[in-house]
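Novice: mind folding the following:
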Amino acid sequence: MPVDTKDIFAIVEKQNQWRGRECINLIASENTPSPAVRSIQLNDFMGRYAEGHPNVGAKINRYYQGTQYIDQIETMAAKEVRELFHCAQAEVRPYSGNNANTAIALGYLRGGDALIVNSTDAGGHISHSFFGVMGRRIQTRGQVLKAGKENSVRLQFFPLTEDHYHIDVAQTIDLIEKFKPQMLVMGKSLYLFPDPVKEIAPICKQLEIPILYDGAHVLGLIAGGQFHDPLTEGATWLTGSTHKTFPGPQRGIILGNLDPENEKNYWGAADRGVFPGTSSNHHLYSLPALLVAVREMKAHGKAYAARICKNAVALAQALDACGVPVEAKEFGYTRSHQIAVNVFAFGGGVRAALALEANDIICNYNMLPGDSDPMNPSGLRIGTPEMTRFGMKEKDFAVLGELIAAAIKGQQVKDKVNQLRGQFLEMEYV
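Specialist: Below is the predicted model:
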């Protein structure tokens, strides 16, 4: 019997038209994959399994037969990821950045371990904190997930400088020597400036404390040479999402640059954390798409990443000129793809985000330093990766800044937004 799916396809088509051709998307954690990345995901791998590692020569590593072609793709993907990031190890089986972090947590951490992470009000991702995978992993029976309480989870936050957008290196070194954590977790969700890996790595190496660097947001900027390289600076693992500044399919990766002496302990933890720790079948259909995205980044990553960062500064300057304050002005606003906009004077982050959405400008409300309620924050997090990919440059983001400011102040600018978006429908850097 025929199955009626017209309503499903109609909703999807509305999404394609609205978000794909009418809206200006400024969500920092999103991007639009290229036509090649999109199209190759419709393949026979979608219904298949390939647990374990690719079979190599006469050595059998898979737990299923029929994997000869995905073995080729997975091997090629890992090799070309290593080439792109100039590293020794690459794990391409995670299917999201958070899944990659979870694999490290499961493979390396144990109950009762101690961590130092970025706090959520300072931009740290919730998965790093008490209620995320890191806090849950080190929790033991009888402990509470509450900072400062007796018998709470052994998790500390990085000390910050007065501006709250930078880690205080001296205080952090003191905390490491006193607290003796089993791991440091660097990287953020609201991520304007690099974390000081190079300055903190020596004490961690001396005390044999690994550093997990969550590069979910900045992976494409690292690949394009526009952000610091945490592996070169001393991080043990670099995890990332491949669908943010790195414009590929929704997957994750784990990278390492470990010497043979440390490879067994640290990379072995990543390997067993991925399988059987967090996945069996690892969404095979999107692995060819990851390989396509890697090759696109090899060809265009430097130019794309540079333009992303220039556009972020241009947008920040335009908003500030229109009377909408942008955080960290004294530091040049940002060194990444993101800016943090303070809209407290305009009713707060939720009100501003809804006003922008009503005008087809899509972003997300976000906590700023000093905020305590994640559901009623004073800020917006705005990112430039997707619209940069569609060809917008500094002058275009300056125009967009005026439209954003007008919408936040209560004006209706939807027609102008749609007209502006209509000029940028063809994808570049592909």
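Novice: the strands in the stretch 101-250 of the chain, which residues?
Specialist: Counting by DSSP state E, counting those that start in this stretch, the stretch 101-250 of the chain has strands at residues 115-117, 155-157, 183-186, 211-214, 237-243, 247-256.
Novice: redo those strands as a markdown table? Include mean neighbour count and distance to Asn376.
Specialist: Bear in mind the C-beta positions are built from the backbone N, C-alpha and C, glycine included. Output for the strands of the stretch 101-250 of the chain, formatted as a markdown table (neighbours: other C-beta atoms under 10 Å; distance: least, C-beta to C-beta, whole Å):
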| stretch | mean neighbour count | distance to Asn376 |
| --- | --- | --- |
| strand 115-117 | 26 | 23 |
| strand 155-157 | 20 | 21 |
| strand 183-186 | 26 | 26 |
| strand 211-214 | 28 | 26 |
| strand 237-243 | 29 | 27 |
| strand 247-256 | 25 | 29 |
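Novice: how about those in CSV, adding mean pLDDT and distance to Asp373?
Specialist: Compiled in CSV, the strands of the stretch 101-250 of the chain are given as follows (pLDDT from 0 to 100; distance: least, C-beta to C-beta, whole Å):
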stretch, mean pLDDT, distance to Asp373
strand 115-117, 96, 20
strand 155-157, 93, 18
strand 183-186, 97, 24
strand 211-214, 98, 24
strand 237-243, 97, 26
strand 247-256, 97, 29
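Novice: I'd like those laid out as JSON lines, including distance to Pro288.
Specialist: JSON lines is the format used below for the strands of the stretch 101-250 of the chain (distance: least, C-beta to C-beta, whole Å):
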{"stretch": "strand 115-117", "distance to Pro288": "34"}
{"stretch": "strand 155-157", "distance to Pro288": "39"}
{"stretch": "strand 183-186", "distance to Pro288": "31"}
{"stretch": "strand 211-214", "distance to Pro288": "26"}
{"stretch": "strand 237-243", "distance to Pro288": "13"}
{"stretch": "strand 247-256", "distance to Pro288": "9"}
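Novice: do you know which of those strands lies nearest Arg141?
Specialist: Nearest to Arg141, of all the strands of the stretch 101-250 of the chain, is strand 155-157, at 16.5 Å by C-beta to C-beta.
Novice: go through the strands of the stretch 101-250 of the chain and name the closest to Met367.
Specialist: Proximity to Met367 (C-beta to C-beta) singles out strand 155-157 among those, at 13.8 Å.
Novice: other SSEs contacting the closest one?
Specialist: Applying 3 or more C-beta pairs under 8 Å, 6 or more residues apart in numbering; DSSP states H and E, we find strand 155-157 packed against strand 115-117, helix 133-138.
Novice: again, only this time at 7 Å
Specialist: strand 115-117 (3 or more C-beta pairs under 7 Å, 6 or more residues apart in numbering; DSSP states H and E).
Novice: can you tell me what sits against the strand it packs on?
Specialist: By C-beta atoms under 7 Å, 6 or more residues apart in numbering, the list of residues contacting strand 115-117 from outside reads 124, 128-129, 134, 138, 155-158, 175-176, 179, 181-185.
Novice: what pairs with it, and is each one parallel or antiparallel?
Specialist: Using DSSP bridges, the strands paired with strand 115-117 in its sheet are strand 155-157 (parallel), strand 183-186 (parallel).
Novice: and the longest one, how far out from the chain middle?
Specialist: Using C-alpha atoms, centre = their mean, to the nearest Å, the distance from the centre of strand 183-186 to the centre of the chain it belongs to is 16 Å.
Novice: how about the shortest one?
Specialist: The gap between where strand 155-157 is centred and where its chain is centred comes out at 21 Å by C-alpha atoms, centre = their mean.
Novice: ok, Phe131 - contacts?
Specialist: Residues in contact with Phe131 (C-beta under 7 Å, 6+ apart) are Leu145.
Novice: again, only using 10 Å
Specialist: Residues counted as contacts of Phe131 (C-beta atoms under 10 Å, 6 or more residues apart in numbering) are 120, 145, 153.
Novice: then Ser280?
Specialist: Ser280 touches 49-52, 63-64, 93, counting by C-beta under 10 Å, 6+ apart.
Novice: Arg48 and Gln250: what is the separation?
Specialist: 18 Å (C-beta to C-beta, to the nearest Å).
Novice: again, but for Ala398
Specialist: From Ala398 over to Gln250 (counting by C-beta to C-beta), the distance is 31 Å.
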